[in-house]
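Trainee: Turn this into a model:
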Amino acid sequence: MPKLTGAEQQALLTEPGIVMRIGVVDERGAPYVTPIWFWSEDGFIYFTPRQKSAWFESLKQDPRVSLCIDEQALPYRKVLVNGIAELQFDVGKDALWRPTYQKMAAKYVGAVGAEKYVSNTIDQPRALFRVELAKAVVSSWRMPVADEPGMGIWAKRYFVPGTDF
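Mentor: The predicted structure follows:
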């Protein structure tokens, strides 16, 4: 499976409309996964739980996260991140990071929609977390494109011995 180049990875992380699935460890020790908006900038992935989000308390108790950013259409690009979520701004500090929130919202609903979304939800407390990609385990892949070999859809380790490549 071809890995994404740095440029391909950046393109996926900044493409409008692509959501991220975040996995956290809940209070019972079970995985909890939910799709959320995110913002990628300067080697970090930023995301914001509302104060009442089911996964917000989980993150404060255990900052380990698994992130999956992928697309539903060919070439099925995906970036997987296993890392530590760092609380940048706790609930009640929204005004300090509102520009990041504006950019994040604009990625999903456009600039005009972001203004409206932020103003309509300004009274709902939220926090800002980030994961530093350089300190995380990051993997990526996509389906073969153009004239790349079709057998590249799986890593060689998945094939039984004797498979002709």
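Trainee: okay, CA-based contacts and neighbour counts for the rest of this
Mentor: Fine.
Trainee: If you drop the residues flanking it in sequence, what lies closest to the residue nearest the centre of the chain?
Mentor: With distances taken as CA atoms, centre = their mean, the residue of the chain nearest its centroid is Met20 (3.9 Å). In space, and not counting its chain neighbours, Met20 is closest to Ile69: 4.6 Å by CA to CA, 6 or more residues apart in numbering.
Trainee: What helices and strands are in contact with the longest helix belonging to the chain?
Mentor: Scanning the chain for the helix with the most residues, using DSSP state H, yields helix 94-121. Packing partners of helix 94-121 (3 or more CA pairs under 8 Å, 6 or more residues apart in numbering; DSSP states H and E): strand 39-41.
Trainee: buried stuff in the strand it packs on?
Mentor: Of the residues in strand 39-41, Trp39, Ser40 count as buried by neighbour count, 16 or more other CA atoms under 10 Å.
Trainee: What strands flank the helix or strand following that strand, and is each parallel or antiparallel?
Mentor: With elements assigned by DSSP states H and E, the helix or strand that comes after strand 39-41 is strand 44-47. Using DSSP bridges, strand 44-47 pairs in its sheet with strand 39-41 (antiparallel), strand 128-132 (antiparallel).
Trainee: average pLDDT for stretch 1-9?
Mentor: When pLDDT is averaged over stretch 1-9, the result is 89.
Trainee: Show residues contacting that stretch.
Mentor: Here stretch 1-9 makes contact (CA atoms under 8 Å, 6 or more residues apart in numbering) with Arg77, Val79, Ser139, Ser140, Trp141, Arg142, Met143, Pro144, Gly152, Ile153, Trp154, Ala155.
Trainee: got it, and stretch 113-121?
Mentor: Residues outside stretch 113-121 that contact it (CA under 8 Å, 6+ apart) are Tyr101, Gln102, Lys103, Ala105, Ala106.
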